[in-house]
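In: below: sequence and its predicted model.
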Amino acid sequence: EPYIPKYIDVNYIEGSNDKKWSSLSFPWTKKLEVNNKTIFGNHSFRPNQREVINATMSGHDVFVLMPTGGGKSLTYQLPAYICPGITLVISPLVSLIQDQIMHLSQANIPATYLSANMEWTEQQDIFRELCLDSCRYKLLYVTPEKVAKSDVLLRHLEKLYSRQLLARIVIDEAHCVSQWGHDFRPDYQGLGILKQKFPDTPVLALTATATSSVKEDVVQALGLVDCIIFRQSFNRPNLQYSVMPKTKKCVEDIDSFIKKFHRDDCGIIYCLSKMDCEKVAEKLKEYGHKAAFYHGGVDPSERAYVQEQWSKDEINIICATVAFGMGINKPDVRFVIHHSLPKSIEGYHQECGRAGRDGQLSSCVLYYNYSDYVSYCENDVDCRRLLQLVHFGEKFDSGRCGKTCDNCSKVQSFIEKDCTLIAKQLVELVKLVRQQFSAAHILEVYRGSLNQFVKKHRHDSLSLHGAGKHLAKGEASRVLRYLVTEDFLFEDVKKSDAYGSVSSVVKVNESKVYNLCAGGQTIKLRFPTSTKSSKSGKNDATPAKALLTSGKNSLPLGDSSAQSQAESGISAK
Ligand code: ADP
Ligand code: MG
Ligand code: ZN
């Protein structure tokens, strides 16, 4: 009888707020301390590591949201090492698995993996070992496909379970369960079978993808029971963010940026197309860099070679499509450059997250041009961290940025504007379109767009169509975003067709807008005085000039005059 998850009432327990999990008086505390140092070579635990370990070792199902590089592996490898029995780890890619096993073998922790393309005799050797009382493995890694397809594997897991030797089940990169995540893997959805077959074995799900829909999908699909959730901020203090206008001389700009601030450092340049990867790599080589390209069209042996050269520092710059990412474990990536726009802000956060895993200062530079700008680039006011973290449902006080993004480091004067009318009109408009459309669409209508979609839905006939015509686009979108972050409006998802394709729609929080609409509340926002200046609309952005902030580790951030020139170009469009 298949287990059909019900999409209601998941019991989460917030572990992050419970002091109990930080206690130093668990029976295993001493062992944790000692082995973290001697076996794993760490001086201490990072945020939430001890707490997660204590919760999983207490036998609970645990769900961990921790940013890339936060140290998720230790939360199962250390328990695996000190607990009797074997820990089963599900991981999406063989390359990731091999990397983990290499690290484990350096620490003398016996681990192995099974994958479909392994020789059968080799697999049999591993199965045979698993049946032994003296089985030497502490960890067994498998891909989700293996769990779905191999009855032999399941039989061996059953045997281990009945001998009480299946210590823990770990689902790494657990967001792959969810269609909402950016790397959906159908076989991950079948992993619920593990909890059904092995109800007494604690499950530990790990991911760096934090949206609540992903979280719910994971908990449901895996069938986690009264699961304890640990989450922590996705802010990465050691990354410096900036956005630069993309000119025809983009690769030259990249070259001088690298030579000036990251000479001989290791970095990734994300490009949109395979051809771009090759072109950019070629040019950088001409400029004297040790660069190579990496994309889905390169054959696997060549890709493996490039990756290896890169990890040995024989090559220090890789021009890649997003195919190059998961599985990259290099701690000292000093810069991530986006030669073209990332697909989503979530993808952007992930891709930038590959820089500075060792905690050292690193740069994330995004080049954009006017035809493909997004609101992240268009925004010349708000902290870049805040703009990213809002997406993860996190509120961020931009004071904490400490001028480590281009917007915060700008010297500019602000005027405070009363945006109450705009806010009311936007709320009204969301209602007029029956709370069925996206934020981008609301803004189009508000600014009086006459595009096909607006016409098709007859939104050009609404009373508020074009009510915000006189405003710069950035202005209305800032007010709209403010309304979302302050809970006047909220973004919801709707399934738009039978194939389960989804879209995001804006809805009204009635109880919160009541006062605003009744005239009992004013909304004031700060705008830079420069945004309202020249509306020349020229695209002649001066080459990005480095603007140094104070402090010895400073990195270049956007030149504010070039930036605001670019912005006024956009708003005049
Ligand atoms: P994640 O899976 O969360 O992206 P990893 O588990 O791969 O991160 O860890 C990232 C890096 O941090 C690794 O190089 C790891 O050795 C290091 N690391 C993890 N925990 C600690 C710690 N407590 N102290 C020092 N370094 C750590
Ligand atoms: Mg990991
Ligand atoms: Zn900032």
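Out: Cool, the structure landed. Ligands and ions are numbered 1, 2, ... in the order given.
In: ok, now how distant is Ala467 from Phe527?
Out: As judged by C-beta to C-beta, to the nearest Å, Ala467 and Phe527 stand 19 Å apart. Every C-beta, even on glycine, is put in place using the N, C-alpha and C of the backbone.
In: no no, Lys279
Out: Distance, Lys279 to Phe527, using C-beta to C-beta: 39 Å.
In: not counting its neighbours along the chain, what's nearest the residue of the stretch 251-400 of the chain found nearest ligand 1?
Out: Nearest residue of the stretch 251-400 of the chain to ligand 1 (C-beta to the nearest ligand atom) works out as Pro331 at 5.0 Å. Leaving aside its chain neighbours, Pro331 sits nearest to Asp358 (3.9 Å; criterion: C-beta to C-beta, 6 or more residues apart in numbering).
In: and Gly15, by the same measure?
Out: Leaving aside its chain neighbours, Gly15 sits nearest to Ile228 (4.1 Å; criterion: C-beta to C-beta, 6+ apart).
In: look at the one you found and give its secondary structure.
Out: Three-state assignment for Ile228 (DSSP: H, G, I helix; E, B strand; the rest coil): strand.
In: okay but it is in contact with Asp61, surely?
Out: Yes: with contacts counted by C-beta atoms under 8 Å, Ile228 reaches Asp61, the gap being 7.2 Å.
In: who's in contact with the closest residue to Gly356 other than its chain neighbours?
Out: Nearest non-adjacent residue to Gly356, counting by C-beta to C-beta, 6+ apart: Ser362, 3.4 Å away. When contacts are counted by C-beta atoms under 8 Å, 6 or more residues apart in numbering, Ser362 is found next to 238-240, 333-336, 355-356.
In: tell me the phi and psi of Ser362?
Out: Backbone torsions of Ser362, given as degrees, to the nearest 10, read phi -140, psi 160.
In: which secondary element of the chain has the worst mean pLDDT?
Out: In the chain, the helix or strand scored least confidently by mean pLDDT, DSSP states H and E is strand 547-548, which has a mean of 26.
In: quick check: Ala167 touching Ile82?
Out: No: Ala167 is beyond contact range of Ile82, at 9.9 Å (criterion: C-beta under 8 Å).
In: state the pLDDT value of the closest residue to ligand 3 within the stretch 1-150 of the chain.
Out: Here the residue of the stretch 1-150 of the chain nearest ligand 3 is Pro67; by C-beta to the ion that distance is 17.3 Å. pLDDT recorded at Pro67 is 81.
In: start to end distance for stretch 176-194?
Out: 16 Å (C-alpha to C-alpha, to the nearest Å).
In: show me what counts as buried in that stretch.
Out: Buried residues in stretch 176-194, defined by neighbour count with 16 or more other C-beta atoms under 10 Å: 176-178, 180-183, 185, 187-192, 194.
In: and what of stretch 308-316?
Out: 310, 315-316.
In: again with stretch 104-121
Out: Buried residues in stretch 104-121, counted by 16+ other C-beta under 10 Å: 104, 109, 111-115.
In: can I get it in PDB, CA atoms only?
Out: Only the C-alpha atoms of stretch 104-121 are listed here, as PDB (Å, rounded to 0.1, in the frame of the first residue of the first chain):
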ATOM      1  CA  LEU A 104      37.000  10.600   4.300                       C
ATOM      2  CA  SER A 105      39.900   8.300   3.300                       C
ATOM      3  CA  GLN A 106      42.400  11.100   4.000                       C
ATOM      4  CA  ALA A 107      40.900  11.100   7.500                       C
ATOM      5  CA  ASN A 108      41.100   7.300   7.700                       C
ATOM      6  CA  ILE A 109      37.400   6.900   7.800                       C
ATOM      7  CA  PRO A 110      36.300   3.800   5.900                       C
ATOM      8  CA  ALA A 111      33.600   4.700   3.400                       C
ATOM      9  CA  THR A 112      32.500   3.300   0.100                       C
ATOM     10  CA  TYR A 113      29.800   3.900  -2.600                       C
ATOM     11  CA  LEU A 114      27.600   2.000  -5.000                       C
ATOM     12  CA  SER A 115      26.600   3.300  -8.300                       C
ATOM     13  CA  ALA A 116      24.900   1.800 -11.300                       C
ATOM     14  CA  ASN A 117      27.900   2.100 -13.600                       C
ATOM     15  CA  MET A 118      30.200   0.200 -11.300                       C
ATOM     16  CA  GLU A 119      31.400  -3.300 -12.300                       C
ATOM     17  CA  TRP A 120      29.000  -5.900 -10.900                       C
ATOM     18  CA  THR A 121      31.900  -7.900  -9.200                       C
END
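In: that one vs ligand 1: in contact?
Out: No: Stretch 104-121 stays clear of ligand 1 (C-beta under 6 Å from any ligand atom), getting no nearer than 9.8 Å.
In: going forward, count from 2.
Out: All set: I'll call the first residue 2, so the last point we hit is now stretch 105-122.
In: what about that stretch, distance to the chain center?
Out: Stretch 105-122 has its C-alpha centroid displaced from the chain centroid by 29 Å (C-alpha atoms, centre = their mean, to the nearest Å).
In: for ligand 1, give me its nearest residue in the stretch 152-301 of the chain.
Out: Taking C-beta to the nearest ligand atom, ligand 1 has its nearest neighbour within the stretch 152-301 of the chain at Ala209, 6.3 Å off.
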